[in-house]
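Peer 1: The sequence and its predicted three-dimensional model are supplied below.
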Amino acid sequence: MAPKKLNEYERKRLENIRRNDEMMASLKLQSMATRLSAASIKRQRSAPKPKRISPKKKPKNDNLVVVRRSLRTRGILPDSEGLDNDLVESPAKSPNSQTPPSKPSIPKMGPLSMSQAFLDEGSDRALIETILSIGKKSELGVDLGAETDGVRVCKEENLGVLRNSIKKEENEVGGSFSLYSMTLNPENVARVVQDRIMTLRFFPCSNSRIVVAGSKGGDVGFWNLDHQMEEEDGVYRYHTHSGPISGISIHRHCLSKVFTCCYDGYIRSMDVEKEIFDLIYSSDNTIYSFSQRSDDMKCLYFGEGRGDLNIWDERTGNCATQWTLHEDRINSIDFSSENPNIMATSSSDSTACIWDLRSIDADKPKPLKTVSHKRAVYSAYFSPSGKFLATTSFDDTVRVLSGDNFEETSWIPHNNQTGRWISPFKAIWGWDDSHIFIGNMKRGVDVISPAQRKTIFTLQSPHISAIPCRFDTHPYNVGMLAGATGGGQVYMWTGS
DNA sequence: ATTCCAGTTACACAC
DNA sequence: GTGTGTCCACTGGAAT
């Protein structure tokens, strides 16, 4: 269908929007002139739009009586004394929660209560209880304790044990794992948010199957595949940001906190124990990317504005470090599992770089290695072993770096022209170094073999009704791959 | 060298 | 099944 030219009305409307933006920018500039240089402001946040909240609002629940699923029926110990305390602690909030139909607005500052942000009818109690219960059990049965005093340090030996157990698992299952066993069952499809999914992440927990999706409109959707209430779908939505959510991070050793970052310049931390989305960082610049090191749950690494990388430290509550590593936005940040001091960034300046965090010169940062693409690079991810790096670019290639110093490069052609409405593809690694997954424009998932340097297989299914563009692998369930679309759906492949 | 603009893309929803 | 609105990405070429 031939695209229409804008008519007069639309053109005027866009013109108005642009003028408003400019006006906002100039107003903002005056008020911030002492703090910021004008050059650092690429684009101002627009005022919080009256969000188009789903008018339908879960009509499937005819009876408004909320049926709760008890902990017992889920085989979970009733260990939630702290929960009741928390509930009592915030009685002032409960009147709000009695009027859920009104659309939640995003407070500019400070924490946002989960009940205030909750978009669906019914209750999110089951989700909260589930996350609390999995958060309390660490993978190794080690109680990580409460979130105070920085006592909860991951003991190195525990980390080591964990790493070994993961590696062992991968090696064992890796042999028997077959791509061809991966299937998409119709019950493993859900609409998790209303609009385009920008980012998708599994809870890194071996005995749960929960994915978290961040949408373009600022919603965070949780999908618990193990929900046991027949009349519910296991999906819980919150409106926590006023712009596209560009990153989600859940640390392996702190499962009760879900960090989200957003184009609106805010970073929030969902604290299930306090039942809030806390505001932990705000900036006037866009935040495009977000990551945590496996060996440090106190720090957040994020890409802000045109090429800056910031490190936020929970202990001080602010950013001690800011480097300008790129000439344009940083689209991804990743750390080597082999050595978390080794970091990879990808950028719209058409490069991806590998850095050694121990030796970055703040004035003249020099990467260990630069990968030059012809167009913007959207991702640069280390393989599970840390021996390879895969980059994805708008120049229609996926490149794989290998060798002791990543000196060898091979490239695989792949159509990455996602256009305006689909989030750009980002090739991710499977559960070992042998497979790379990436979406394709024909509603499938291409599987690239780095060894064969080509696409060897495409996952397809009649249940896919849109292009899967963002993915995550379950870190413990080999064969479980989640794909997200521009329409808010998540597809969950399972394998063996 | 910088800014502007048209054109591109897929999807949900209303009809 | 068709038409319309989306609009925070990017490109290449035209205009400044």
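Peer 2: Right, received. Where do you want to start?
Peer 1: Look up the closest residue to residue A:293, ignoring the ones flanking it.
Peer 2: By the measure of C-beta to C-beta, 6 or more residues apart in numbering, the closest residue to residue A:293 outside its immediate chain neighbours is residue A:340, 4.3 Å from it. Heads up, the C-betas are built off the backbone N, CA and C, glycines and all.
Peer 1: Does the one you found lie in a helix or a strand, and which?
Peer 2: Element membership of residue A:340, judged by DSSP states H and E, is empty: it is in no helix or strand.
Peer 1: what about it, neighbour count?
Peer 2: Neighbourhood size, residue A:340 [other C-beta atoms under 10 Å]: 15.
Peer 1: Likewise for residue A:120?
Peer 2: 18.
Peer 1: swap in residue A:364?
Peer 2: Around residue A:364 there are 7 residues (other C-beta under 10 Å).
Peer 1: part of a strand, is it?
Peer 2: No - read with DSSP: H, G, I helix; E, B strand; the rest coil, residue A:364 is coil and lies in no strand.
Peer 1: Shouldn't residue A:134 be within a helix?
Peer 2: Yes - Residue A:134 forms part of a helix when assessed by three-state DSSP.
Peer 1: Could you report the distance from it to DNA strand C?
Peer 2: 32 Å (C-beta to the nearest atom of the strand, to the nearest Å).
Peer 1: same question, residue A:406
Peer 2: With C-beta to the nearest atom of the strand as the criterion, residue A:406 and DNA strand C are 24 Å apart.
Peer 1: try residue A:129
Peer 2: 34 Å.
Peer 1: That residue - how many residues pack around it?
Peer 2: Neighbours of residue A:129 under the rule other C-beta under 10 Å: 20.
Peer 1: Now do the strand or helix carrying it, average pLDDT.
Peer 2: Element membership for residue A:129, per DSSP H and E: helix A:125-136. The average pLDDT for helix A:125-136 rounds to 88.
Peer 1: Repeat that for stretch A:316-330.
Peer 2: 92.
Peer 1: That one: which residues count as buried?
Peer 2: A:319, A:323, A:325, A:326, A:328, A:329, A:330 (16 or more other C-beta atoms under 10 Å).
Peer 1: Over to stretch A:458-470?
Peer 2: So, applying 16+ other C-beta under 10 Å, buried residues of stretch A:458-470: A:459, A:461, A:464, A:467, A:468, A:469, A:470.
Peer 1: Please apply the same query to stretch A:245-258.
Peer 2: A:245-258.
Peer 1: can you pull the contacts of residue A:312?
Peer 2: Residues near residue A:312 by C-beta atoms under 8 Å, 6 or more residues apart in numbering: A:267, A:280, A:281, A:299, A:300, A:301, A:302, A:318, A:319.
Peer 1: element containing the fifth one?
Peer 2: Counting by DSSP H and E, the secondary-structure element that holds residue A:300 is strand A:296-304.
Peer 1: Around the residue nearest to residue A:396 when sequence neighbours are not counted, count how many other residues there are.
Peer 2: Nearest non-adjacent residue to residue A:396, counting by C-beta to C-beta, 6+ apart: residue A:416, 5.3 Å away. Residues contacting residue A:416 under the criterion other C-beta under 10 Å number 23.
Peer 1: do residue A:214 as well
Peer 2: Residue A:214 has 31 nearby residues by other C-beta under 10 Å.
Peer 1: All good on my end, thank you.
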